[in-house]
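Engineer: Give me a model of this one.
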Amino acid sequence: MLTTTTTKVLEPGELDAALAVLDRDPVANAFVAARVQVAGLDPWRLGGEMWGWYAGGRLESLCYAGANLVPICAGPDAVRAFADRARRSGRRCSSIVGPAGATAELWSLLEPHWGPAREVRAHQPLMVTRSMPAEVEPDPLVRRVRRDEMDVIMPACVAMFTEEVGVSPLAGDGGLLYQARVAELVGSGRSFARVEDGRVVFKAEIGAATDRACQIQGVWVAPEHRGRGLSVTGMAAVLRHALREVSPVVSLYVNDYNTAARAAYRRVGFEEVGAFMSVLF
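Structural biologist: This is a model prediction of the structure:
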């Protein structure tokens, strides 16, 4: 047993302890919890290492170190330990993302070594709902994307990603990893869209899902169809699926400057309960 304050890479046999930490905040931790529940702690299956911070031999905090660096239930001491390990390992992630407080502290320690970032989004409201809106009728044309519709959904996914992140997901490997992720969501029945004349006019995905909470991502309306209220009725349709079939709590996080999206989510019943932060490289 570890008897001092320390960090190390978690081993597969520590899965239950890791899940117990993740379960402390099932909404904020939905992204990582969903991956761990499917892949366990094996780095190859998980897509990265899971670092643990221990105090008095007890696992208290986690940090997922894969394509994203994600601090989990991390107080100041744990953040400093994770920053030191990340600094020594060198940057291998494309972003740091997580609860705003821990992420801001982590970035302040890593910026002298990893900076400058391409973009820092310091305040991204975390929004949650547990029920359907009483005054919004779900769009009846929003449906699950079929497996044979990859050629229909991919252009919309690429457009959304490029608009949101500022770089194309097709760069580097030609989009192979991104296409695989989209195919995974379509194949699992978690990709939804309204299609008119063979083109997507609204889309969204349930990107992370556990039995405690799920997270909606990739909400997008084709530019020529904006202003029609499709984001409100479309989100209501996706929310209905999520609450009925996935989990009792549905969450998302949004850029604070996207006032139109925040207003649309509030109309569907989402309330702000916290904030995330993202550092993009």
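Engineer: Tyr64 versus the residue minimising distance to the centre of the chain, what's the distance?
Structural biologist: In the chain, the residue lying closest to the centroid (Cα atoms, centre = their mean) is Phe31, at 5.1 Å. Separation of Phe31 from Tyr64 (Cβ to Cβ, to the nearest Å): 8 Å. The way it works is simple: take the backbone N, C-alpha and C, and place the C-beta from them, glycine included.
Engineer: Same check on Gln215?
Structural biologist: 15 Å.
Engineer: Also Val221?
Structural biologist: Taken as Cβ to Cβ, the span from Val221 to Tyr64 is 31 Å.
Engineer: what residue ranges in the stretch 151-281 of the chain score low on pLDDT?
Structural biologist: For the stretch 151-281 of the chain, no stretch is flagged by pLDDT under 70.
Engineer: Could I get the full set of helices for it?
Structural biologist: 176-187, 230-245, 259-267 (DSSP state H, counting those that start in this stretch).
Engineer: Quick check: which of these has the most neighbours on average?
Structural biologist: helix 230-245 (a mean of 21; mean count of other Cβ atoms under 10 Å).
Engineer: what pairs with Ala193 across the strands?
Structural biologist: Arg143, Lys203 (DSSP bridges).
Engineer: okay, now it: neighbour count?
Structural biologist: Neighbours of Ala193 under the rule other Cβ atoms under 10 Å: 27.
Engineer: Now Pro169: closest residue in space that isn't a chain neighbour?
Structural biologist: Distances taken as Cβ to Cβ, 6 or more residues apart in numbering place Tyr178 nearest to Pro169, at 3.8 Å, with adjacent residues excluded.
Engineer: tell me the contacts of the one you found?
Structural biologist: By Cβ atoms under 8 Å, 6 or more residues apart in numbering, the contact list for Tyr178 reads 157-158, 161, 169-170.
Engineer: In the protein, what residue spans correspond to strands?
Structural biologist: Secondary structure of the chain (DSSP state E): strands at 6-9, 49-55, 58-65, 68-72, 95-99, 119-129, 143-144, 191-196, 199-209, 214-221, 250-253, 271-280.
Engineer: Leu280 - nearest residue in space that isn't next to it in sequence?
Structural biologist: Glu119 is the one closest to Leu280 (Cβ to Cβ, 6+ apart), at 4.5 Å.
Engineer: Correction: the previous question concerned Gly189.
Structural biologist: That would be Arg144: by Cβ to Cβ, 6+ apart, it lies 5.5 Å from Gly189.
Engineer: tally of neighbours for the one you found?
Structural biologist: Neighbours of Arg144 (other Cβ under 10 Å): 15.
Engineer: go on, the one 10 residues further on?
Structural biologist: Other residues near Met154 come to 19 when the count uses other Cβ under 10 Å.
Engineer: That one touches Ala183, doesn't it?
Structural biologist: No: with contact defined as Cβ atoms under 8 Å, Met154 does not count as touching Ala183 (9.1 Å).
Engineer: returning to that earlier point: quick one: which of the contacts of Tyr178 has the most company?
Structural biologist: Neighbour max across these (other Cβ under 10 Å) = Cys157, 26 neighbours.
Engineer: just to revisit the earlier point, return every residue with contacts to both of Phe31 and Tyr64.
Structural biologist: Common neighbours of Phe31 and Tyr64 (Cβ under 8 Å, 6+ apart) are Val70.
Engineer: do you know which of the helices of the stretch 151-281 of the chain lies nearest Trp114?
Structural biologist: With respect to Trp114, and counting by Cβ to Cβ, the nearest of the helices of the stretch 151-281 of the chain is helix 176-187 at 22.0 Å.
Engineer: the inter-axis angle of that closest one versus strand 191-196?
Structural biologist: In terms of direction (axes from the mean of the first three to the mean of the last three Cα atoms, to 10 degrees), helix 176-187 departs from strand 191-196 by 90 degrees.
Engineer: when you give positions from now on, start the count at 52
Structural biologist: Understood, numbering begins at 52; the last thing we discussed is helix 227-238.
Engineer: Give me the distance from helix 227-238 to the chain's centre.
Structural biologist: Distance of helix 227-238 from the chain centroid (Cα atoms, centre = their mean, to the nearest Å) equals 15 Å.
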